[in-house]
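Trainee: okay, structure incoming, though there's no sequence with it:
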């Protein structure tokens, strides 16, 4: 396969949209942390503590997802530069790294969604306890 400028350029919108989704998750978690902080100050229940631990994991994952997606974006740009200066072997190698980084970022996103589902289960347990 011949790598051309248009191939790494195809990743630009995908990575940008992924970053927007990650940022939306981050903002939602930040708002939830502020809410849980207030709940914790009022009454430090077991469920609130579990949710805080869960959010700490999710926040760490989102930070790593964002960092790896940015590295994927950067390596795509480097690929285009290498193509521009006609270093095709290096361009192919760096583009492969870019794709690998994007896959890692998406895998971390998958894990974060799984943890998010557990957080909702904890919240539902709280509702059932109050009945």
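Mentor: Yep, it's here. Fair warning: this is a prediction, and the values are worked out from it, not measured in the lab.

Trainee: what's the helix or strand for the residue nearest to the spatial centre of the chain?
Mentor: The geometric centre of the chain, computed from its C-alpha atoms, lies nearest to residue 65 (Cα atoms, centre = their mean), at 3.2 Å. With secondary structure defined by DSSP states H and E, residue 65 is part of helix 46-84.

Trainee: can you name the next helix or strand after that helix?
Mentor: On the C-terminal side of helix 46-84, the closest following helix or strand by DSSP H and E is helix 88-129.

Trainee: shaky segments in the chain?
Mentor: Counting by pLDDT under 70, the chain contains low-confidence residues at 126, 130-131.

Trainee: now do 90
Mentor: Of all residues in the chain, those with pLDDT under 90 make up the ranges 1-16, 29-30, 32-56, 115-131.

Trainee: residues contacting the residue nearest to the centre of the chain?
Mentor: 22, 105, 108, 109, 112 (Cβ atoms under 8 Å, 6 or more residues apart in numbering). All C-beta spots, glycine's among them, are computed from the backbone N, C-alpha and C.

Trainee: nearest to residue 35 among those?
Mentor: When the contacts of residue 65 are compared for distance to residue 35 (Cβ to Cβ), residue 112 wins out at 19.0 Å.

Trainee: quick check: that closest one touching residue 62?
Mentor: Yes - counting by Cβ atoms under 8 Å, residue 112 sits close enough to residue 62 to count as a contact (6.2 Å).
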